[in-house]
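In: here's a sequence, model it:
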Amino acid sequence: MIGLRIIRDGDRVAVWDATGHLRNVDGPRRLWLFRETVEPLHRFSAEAEEFLVVRQRNGVARHLRGPCDLWFDPVEHEHIEVRPLLPIDANEALVVYRRDEPDAVTRRVLRGPAQYMPEPEEWLHDFVWHGADKKNPRRKVPYALKFSRLRVIPDQTYVDVTDVRTVDDALLTVQTMIFFELVDIERMLDQTHDPIADFINAVTADIIDFAAGRSFDTFKRDTEKLSDLDSYGNLSARAERVGYRINKVVYRGYEANPKLQAMHDDAIEARTGLQLQAETERQAQELADLKLTREADRSRQQRAIEREQTEHEQQLKQLNHRETLRQQVEEHDQAVTFKRELDGMELEHQKAMNAEQAAYLKSMQDMQVDLTRYLVAQYQHPDRLIRIDGGSADPARLHLHS
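Out: Below is the predicted model:
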């Protein structure tokens with residue numbers, strides 16, 4: 001190529017001469033080209049949450065944490081890539097492997113919160129566990145969960161145990177919910193590659209053992225025991241062995257084949273109907289008892305009110321009678337007192353008159369007056385005359401003249 005080439009400020013180009021040698025040219029600059037080829041170069045930059053992955057032609061790899069930038073060099077670099085840092089929350093952890101020597105690999109657990117940039121000789125542990133089937137979420141299938149950030153907080157999973165057979169050959173599907181917590185990551189990595197599969201197998205064994213010795217009716221009666229952690233010995237033991245702790249198992253119900261389920265639904269409907277009838281009758285009886293109780297209470301209250309009213313009337317009559325007696329006694333006492341005082345006054349008056357009469361007669365006697373004749377003359381018409389005749393042949397006669 002022959003000609004003029006202008007390199008802008010901030011750009012870089014690789015100039016190849018006719019012999020295949022390379023020189024890098026930064027702008028701003030004007031280049032006169034003679035039998036040379038110009039190749040624009042790309043500038044890779046990483047922000048604070050990113051890093052650069054540099055693959056060199058000699059096989060060496062470098063990771064540069066941002067913020068940084070690097071021009072691509074076609075002689076030294078095979079590939080440059082910008083990747084984000086891997087954020088780790090406080091409830092997450094990473095399992096990192098590192099190749100220190102060609103035949104030596106070490107493992108470490110990196111807990112959050114952090115932003116992780118892997119070194120060229122490091123790689124992450126990829127977990128592949130059982131998970132819910134996308135077509136049938138109630139069914140757990142292998143390789144459904146794929147992740148590298150391990151959750152270290154309490155978690156839960158739904159497990160439906162199928163083909164559970166009772167002693168009377170009833171075939172059931174038992175639904176459970178398992179609450180678990182990772183307590184030892186190193187033990188989990190050493191003892192299992194899929195703890196969810198271990199939980200499914202262990203809880204299946206526990207529920208099959210639980211149902212194997214019970215009839216269908218007994219199973220229904222004892223379903224509350226399926227929410228008791230003591231019923232899951234295999235599950236608890238297996239979880240402890242692989243570094244987990246089972247906090248709780250919740251029994252969510254069961255399903256049977258359509259025919260058995262229909263019979264069970266009919267039995268439930270009939271039982272519910274009987275319970276409703278019994279409850280209705282009980283409520284009716286309670287209502288009748290309540291009415292009788294209320295009527296009896298009202299009758300007692302009415303009798304009590306009448307009794308109190310009668311007692312009140314009797315008390316009023318007694319009070320009126322006592323008041324009448326008191327008034328009569330008081331009037332009698334007043335009359336007696338008045339009569340006594342009047343008699344006393346009359347007696348005193350009579351005494352005074354008698355005394356005056358006696359004094360008068362005394363004065364008459366002192367004046368030599370014949371009191372007999374005076375008194376006879378004063379009282380010529382006596383109130384009563386008594387005459388006694390005697391001294392003759394006729395018997396004595398008593399004449400009383402009044």
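In: center of the protein - which residue?
Out: Centroid-nearest residue in the chain: residue 250, 20.5 Å away (criterion: CA atoms, centre = their mean).
In: wait, it touches residue 228, no?
Out: No: the pair residue 250 and residue 228 does not pass the contact test of CB atoms under 8 Å, sitting 10.5 Å apart. All C-beta spots, glycine's among them, are computed from the backbone N, C-alpha and C.
In: just give me the neighbour total for the residue nearest to residue 41 when sequence neighbours are not counted.
Out: What sits nearest to residue 41 in space, not counting adjacent residues and going by CB to CB, 6 or more residues apart in numbering, is residue 12, at 4.6 Å. For residue 12, the count of nearby residues is 17 (other CB atoms under 10 Å).
In: do residue 171 as well
Out: 15.
In: what's the answer for residue 89, then?
Out: 14.
In: pLDDT value on it, please?
Out: On pLDDT, residue 89 comes in at 94.
In: and the residue lying closest to it once chain neighbours are set aside, how close does it get to residue 361?
Out: Once flanking residues are discounted, residue 89 sits nearest to residue 112: 5.0 Å by CB to CB, 6+ apart. Residue 112 is 151 Å from residue 361, where distance means CB to CB, to the nearest Å.
In: go on, residue 378?
Out: In terms of CB to CB, residue 378 sits 11 Å off from residue 361.
In: neighbour-wise, which of those two wins?
Out: Using other CB under 10 Å as the criterion, residue 378 and residue 361 rank with residue 361 on top: 14 against 8.
In: ok, now which ones touch the residue lying closest to that one once chain neighbours are set aside?
Out: Leaving aside its sequence neighbours, residue 361 sits nearest to residue 371 (CB to CB, 6+ apart; 5.9 Å). By CB atoms under 8 Å, 6 or more residues apart in numbering, residue 371 lies in contact with 361, 364, 365.
In: and the pLDDT for the second one?
Out: Looking at residue 364, its pLDDT reads 82.
In: isn't it up against residue 374?
Out: Yes: the criterion here is CB under 8 Å, and residue 364 meets it with residue 374 at 6.6 Å.
In: ok, then the element right after the lengthiest helix in the chain?
Out: Identified as the longest helix of the chain according to DSSP state H is helix 258-366. Going down the chain from helix 258-366, the next helix or strand is helix 371-378, by DSSP states H and E.
In: now that following helix - C-alpha only, PDB.
Out: Extracted C-alpha coordinates of helix 371-378, given in PDB (Å, rounded to 0.1, in the frame of the first residue of the first chain):
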ATOM      1  CA  LEU A 371    -124.800  27.100 161.200                       C
ATOM      2  CA  THR A 372    -127.500  24.400 161.100                       C
ATOM      3  CA  ARG A 373    -130.300  26.800 160.700                       C
ATOM      4  CA  TYR A 374    -128.300  28.800 158.200                       C
ATOM      5  CA  LEU A 375    -127.500  25.800 156.100                       C
ATOM      6  CA  VAL A 376    -131.200  24.500 156.300                       C
ATOM      7  CA  ALA A 377    -132.400  27.900 155.300                       C
ATOM      8  CA  GLN A 378    -129.900  28.000 152.500                       C
END
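In: what angle sits between that helix and helix 258-366?
Out: With axes from the mean of the first three to the mean of the last three CA atoms, to 10 degrees as the basis, helix 371-378 and helix 258-366 are set at 120 degrees to each other.
In: who's in contact with residue 78?
Out: 55, 56, 57.
In: between those, which is closest to residue 67?
Out: Nearest to residue 67 among the contacts of residue 78, counting by CB to CB, is residue 55 at 20.8 Å.
In: next, count neighbours for that closest one.
Out: 15.
In: who's in contact with the host helix or strand of it?
Out: Assigned by DSSP H and E, residue 55 belongs to strand 50-56. Strand 50-56 is contacted by residues 44, 46, 61-66, 68, 70, 76-85, 117 when judged by CB under 8 Å, 6+ apart.
In: cool, stretch 82-102 as well?
Out: Contacts of stretch 82-102 (CB under 8 Å, 6+ apart): 44-46, 49-53, 65-66, 105-119, 121-125, 148-153, 185, 189.
In: from the chain's centroid, how far away is it?
Out: 44 Å (CA atoms, centre = their mean, to the nearest Å).
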